[in-house]
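S.K.: Please find the sequence and the predicted model below.
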Amino acid sequence: MNELIKNLGVIVLIIGVVVLAVPFLNGGMNNTILLAGLALIIFGYLGHIVINKRVE
């Protein structure tokens, strides 16, 4: 369980990349998808930093 918590930020980051990649490959990009993907990537990056400072 501790390993899953330590990798939660990376998992959210990868989900953000998938949110950006799938519409790009299908040709359906719009600003909402771009902002959602960006938000997931930023939260994943910051979450990874914060979680790894707190969890040992």
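M.R.: All right, it came through fine.

S.K.: now for the longest helix belonging to the chain, which elements pack on it?
M.R.: When the chain is scanned for its longest helix (criterion: DSSP state H), the result is helix 31-54. Judged by 3 or more CB pairs under 8 Å, 6 or more residues apart in numbering; DSSP states H and E, helix 31-54 is in contact with helix 2-6, helix 8-26. Quick note: C-beta positions are derived from backbone N, CA and C, even for glycine.

S.K.: Skip the chain neighbours and tell me the closest residue to the residue nearest in space to the middle of the chain.
M.R.: For the chain, Leu13 is the residue whose C-alpha lies nearest the centre (CA atoms, centre = their mean; 2.2 Å). Nearest residue to Leu13, sequence neighbours excluded (CB to CB, 6 or more residues apart in numbering): Gly44, at 3.1 Å.

S.K.: Same check on Leu8?
M.R.: Ile51 (6.0 Å).

S.K.: One more: Ile14?
M.R.: Residue nearest to Ile14 in three dimensions, not counting chain neighbours: Gly44, with 7.6 Å by CB to CB, 6+ apart.

S.K.: Could you measure from that neighbour over to Phe24?
M.R.: Counting by CB to CB, to the nearest Å, the gap from Gly44 to Phe24 is 18 Å.

S.K.: who's more crowded, those two?
M.R.: Gly44 (20 against 13; other CB atoms under 10 Å).

S.K.: Please look at that one and Val18 and confirm they touch.
M.R.: No - taking contacts as CB atoms under 8 Å, Gly44 lies outside contact range of Val18: 11.4 Å.
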